[in-house]
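**Student:** Please work out how this folds:
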Amino acid sequence: NRFRAVSTALVVLQWTLPLLAALVLSGIWEGRIPKKKLKDGLKWSAIVAGGLALFFALLGPKLFDFVSPVDGYYPEDIAEAMRSERGSMMRMDSWRTLLFVLVAGGLIMLFMRDRMKRGILLASLAGLVVFDLAIVDMRYLSWDDFVSKRKTEIKATAADLEILEDTEPGYRVADLT
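**Tutor:** Model (predicted):
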């Protein structure tokens, strides 16, 4: 029941995937993962993740219709524009994913070839994760959603002050005006 909200599922992913990545990086730094196995794993993960991203970037909008159950409430030209925008968002997210896969794989390869220090790798990968999370989060919560305290402050009315004078608990007041 707790995973019905998209935001909850996103938070689980946003915590577990970087945690798993940190565990892999720990294994790399401590030498528990042989370089041959790491190189093969990195190659195959880049091929699979990058290949899927490339596949959806090139063919995704042609494979799906991007129809929503609420599209029928809008005029056809607006509904078509929304479907087109959904396809465009998928394509752009796929290209972004491919870019992140290639950059992260390249950073790890540089580290494996002793051309990058551990701290620089960690800072670079953390920067990629934070940048990616910020881009996605800004879709749901933009800077315009933040307002100053003065704009949200509620001024007490005469009725509110009179209600506050009564200290006997056990009731609620609903302002229906």
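
**Student:** could you list every residue that touches residue 112?
**Tutor:** Applying CB atoms under 8 Å, 6 or more residues apart in numbering, we find residue 112 in contact with 28, 35, 38-39, 42. Backbone N, C-alpha and C define where each C-beta goes, glycine included.

**Student:** Which stretches in this structure count as helices?
**Tutor:** Taking DSSP state H to define them, one finds helices in the chain at 6-29, 35-63, 76-112, 118-140, 149-152, 158-165.

**Student:** Could you check the third one and say which residues are buried?
**Tutor:** The neighbour-count check on helix 76-112 (16 or more other CB atoms under 10 Å) flags 79, 82-83, 86-87, 90-91, 93-94, 97-98, 100-101, 104-105, 107-109, 111 as buried.

**Student:** Just give me the lowest mean pLDDT stretch among the helices of the chain.
**Tutor:** Among these, helix 149-152 carries the lowest mean pLDDT, a mean of 66.

**Student:** Output stretch 135-151 as CSV - backbone C-alpha positions only.
**Tutor:** C-alpha atoms of stretch 135-151 as CSV (Å, rounded to 0.1, in the frame of the first residue of the first chain):
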residue,chain,number,x,y,z
ILE,A,135,16.9,17.9,-13.4
VAL,A,136,14.2,15.3,-12.8
ASP,A,137,13.1,16.9,-9.5
MET,A,138,12.7,20.3,-11.1
ARG,A,139,10.0,18.9,-13.3
TYR,A,140,7.8,18.3,-10.3
LEU,A,141,8.9,21.2,-8.1
SER,A,142,10.1,24.4,-9.8
TRP,A,143,11.6,27.6,-8.4
ASP,A,144,8.2,29.2,-8.8
ASP,A,145,6.7,26.8,-6.3
PHE,A,146,8.8,28.3,-3.5
VAL,A,147,7.2,31.4,-2.0
SER,A,148,8.3,33.6,0.8
LYS,A,149,6.9,33.2,4.3
ARG,A,150,5.1,36.5,4.1
LYS,A,151,3.0,35.3,1.1
